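Trainee: Following is a predicted model, sequence given first.
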Amino acid sequence: QVQLVDSGGGLVQAGGSLRLSCAASGRGFSRYTMGWFRQAPGKERDFVAATSWNVADTYYADSVKGRFTISRDNAKNMVYLQMTSLKPEDTAVYYCASSSAIYARTIRDFGSWGQGTQVTVSS
């Protein structure tokens, strides 16, 4: 397992951009599928994006496709979520997570979680 620390959240106006970062510590980071989830107040935690260990495969929720980009730097044990054209409905706490599964898209697939970082998009 790896330990994850999220950062990079903040307040941004609609149409703006943010880049979230996730720092991983522990062994075997480069073998894990990495993902981002988000949870808005009063709602369930939802899948946002995921990437395979070598970034050959990336997946996005329909709601963020074309606006968000997930990436990773295995040499630095880092995962990123570049968010552009932000909308008020993107407001949520964002969590990075790791999975030992090759195909991981649900909360149950992911075993380690960051503490979350708040993203607020004003209209």
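Mentor: Nice, I can see it.
Trainee: any idea how far the residue nearest the centre of the chain lies from T117?
Mentor: For the chain, W36 is the residue whose C-alpha lies nearest the centre (C-alpha atoms, centre = their mean; 2.3 Å). Relative to T117, W36 is positioned 10 Å away (criterion: C-beta to C-beta, to the nearest Å). Heads up, the C-betas are built off the backbone N, CA and C, glycines and all.
Trainee: got it, and V55?
Mentor: From V55 across to T117, the span is 22 Å (C-beta to C-beta).
Trainee: Likewise for F29?
Mentor: 19 Å.
Trainee: go on, M34?
Mentor: Taking C-beta to C-beta as the measure, M34 falls 15 Å from T117.
Trainee: Between those two, tell me which one has more neighbours.
Mentor: Per other C-beta atoms under 10 Å, whichever of M34 and T117 has more neighbours is M34, with 31 against 22.
Trainee: Name the residues linked to the more buried one by a beta bridge.
Mentor: In this structure, M34 bridges to T51, S98 when assessed by DSSP bridges.
Trainee: was I right about it contacting S71?
Mentor: No: contact criterion C-beta atoms under 8 Å: M34 and S71 do not qualify, at 9.6 Å.
Trainee: ok, now how distant is the residue nearest to the centre of the chain from S123?
Mentor: According to C-beta to C-beta, W36 stands 23 Å off from S123.
Trainee: now I107
Mentor: Distance, I107 to S123, by C-beta to C-beta: 29 Å.
Trainee: So the two - more neighbours on which side?
Mentor: Neighbours were counted for I107 and for S123 using other C-beta under 10 Å; I107 has more, 15 against 9.
Trainee: roughly how far apart are that one and N77?
Mentor: Relative to N77, and taking C-beta to C-beta, I107 is found at 23 Å.
Trainee: ok, and what's touching stretch 34-50?
Mentor: With C-beta atoms under 8 Å, 6 or more residues apart in numbering as the test, stretch 34-50 has contacts from 20, 22, 24, 33, 51, 58-61, 64, 68-70, 72, 79, 81, 89-99, 104-107, 110, 116, 119.
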